[in-house]
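Participant: Attaching a predicted model along with its sequence, questions to come.
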Amino acid sequence: METIGIIGLGKIGKPIAHHMLNAGYRVIVHNRSQGAVEELVAAGAAKASTPREVASKCDFVITSLPDAPTVEAVCLGTNGIRQGTTKHSILIDTSTNHPETTRRIATSLREVGMFALDAPVSGGEPGAIAGTLSIMVGGDEGAFRRAIPVLERFGRTITYMGPSGSGQLTKLANQIIVALNYAAMGEGLVLGAKAGLDPEKLLRVFLGGQAQSRCLELKGEKVINGDYEPGGRLMLHIKDLQYALDTAKSYGVPLLFTSLVQQCFEATKAAGRGDWDHSAVITLLEDLAGTKIRKR
């Protein structure tokens, strides 16, 4: 059985590690904070002190990290993956990364014989725990085919999108749609609540018609309960939208509504809610309208 390294044991990385152990893989983990490391060691994983050590012992290295600078440092920095990689091993980066950074990392790793797949995921912590994430993959197609059995352990919808960076471009487009969905949900629910309508009935109506969306299905009930426990943190979604705006500019694509919603996310963060769920942008709309969307 192959050995899987996992670097980053947050809301996505830790469940992935458990899935790999449950599937019978040898698993080596590395994380800055040690609580998740000790949990996984108790479940049967081994631990490594650096990304370099992980890469030197593994056939696949899965990264789940917060942003592009962190991914680049882990991959190419001192004691990074590049320094420890074995030839023909595969990096699977499930982080939401900047496409340009992704391509730069892939080129550098290929020079030392390692393939890099950008494989960001959608579905948040619940999807990671259930093993039902949507995974969008860019990179060498042969490496992708080798990685499918690993990806199937934590993903349900696995789609090869094209060369390096294609997975990240797909994820950024996904994040635009999710952000605009939350803003639209908020405006519809806030209007209804302010006008005296029952939020539970509103939610039932929306879910039964063309307003229905996965965002509404997963977060509508939480919103009317005032529950913003993070499945995906708002501050990380701000980062994703900034990557989308940067990338769109390089392609000459105006993102009019994304620009506005990104500023709404920024304002929500400024109100002290950056560590809340990304649906918390709705609380900004509540504040502006002077009302709360709550069950009666």
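Facilitator: Yep, it's here.
Participant: shouldn't residue 81 be in contact with residue 93?
Facilitator: No: counting by CB atoms under 8 Å, residue 81 stays clear of residue 93, with 9.9 Å between them. No exception for glycine: its C-beta is placed from N, CA and C like everyone else's.
Participant: Tell me the residues that contact both of these two, please.
Facilitator: Common contacts of residue 81 and residue 93 (CB atoms under 8 Å, 6 or more residues apart in numbering): 63, 75.
Participant: quick one: the helices in the stretch 1-150 of the chain?
Facilitator: 13-22, 35-42, 51-57, 68-76, 81-84, 99-110, 124-130, 141-151 (DSSP state H, counting those that start in this stretch).
Participant: taking the mean pLDDT, what do you get for the fifth one?
Facilitator: This means helix 81-84. Averaging pLDDT along helix 81-84 gives 96.
Participant: Kindly report the same for the longest one.
Facilitator: Mean pLDDT, taken over the full extent of helix 99-110, equals 97.
Participant: quick revisit: for residue 233, find the nearest of the helices of the stretch 1-150 of the chain.
Facilitator: helix 124-130 (10.0 Å; CB to CB).
Participant: Report all helices and strands that the closest one contacts.
Facilitator: helix 13-22 (3 or more CB pairs under 8 Å, 6 or more residues apart in numbering; DSSP states H and E).
Participant: so the residue with the largest distance to the centre of the chain is in which element?
Facilitator: Relative to the centre of the chain, and counting by CA atoms, centre = their mean, the farthest-placed residue is residue 196 at 36.2 Å. Element membership for residue 196, per DSSP states H and E: none, as it lies in no helix or strand.
Participant: what's the spacing between it and residue 226?
Facilitator: 19 Å (CB to CB, to the nearest Å).
Participant: Same question for residue 26.
Facilitator: Taken as CB to CB, the span from residue 26 to residue 226 is 44 Å.
Participant: between those two, which one's more packed in?
Facilitator: residue 26 (17 against 12; other CB atoms under 10 Å).
Participant: bridging residues for that one?
Facilitator: residue 3 (DSSP bridges).
Participant: How about residue 138?
Facilitator: Bridge pairing for residue 138 - DSSP bridges - gives residue 118, residue 162.
Participant: Show the pLDDT at it.
Facilitator: 98.
Participant: Next: the one 5 residues further on.
Facilitator: pLDDT for residue 143: 97.
Participant: Enumerate every residue touching the spatially closest residue to it that is not a sequence neighbour.
Facilitator: Nearest residue to residue 143, sequence neighbours excluded (CB to CB, 6 or more residues apart in numbering): residue 115, at 3.7 Å. Residue 115 is in contact with 88-91, 106, 109, 139-140, 142-143, counting by CB under 8 Å, 6+ apart.
Participant: Just give the closest residue to residue 205, not the sequence neighbours.
Facilitator: Nearest to residue 205 is residue 211, by CB to CB, 6+ apart, at 7.8 Å.
Participant: how close does residue 15 get to residue 175?
Facilitator: 20 Å.
Participant: do residue 28 as well
Facilitator: In this view, residue 28 and residue 175 are 30 Å apart by CB to CB.
Participant: Which of the helices or strands spans the residue lying closest to residue 257 once chain neighbours are set aside?
Facilitator: In this structure, residue 257 finds its nearest non-sequential neighbour in residue 180, 5.9 Å apart by CB to CB, 6+ apart. Using DSSP H and E, residue 180 maps to helix 166-194.
Participant: Just give me how far that helix sits from the chain centre.
Facilitator: Put simply, helix 166-194 sits 15 Å off its chain's centre (CA atoms, centre = their mean, to the nearest Å).
Participant: Lovely, talk soon.
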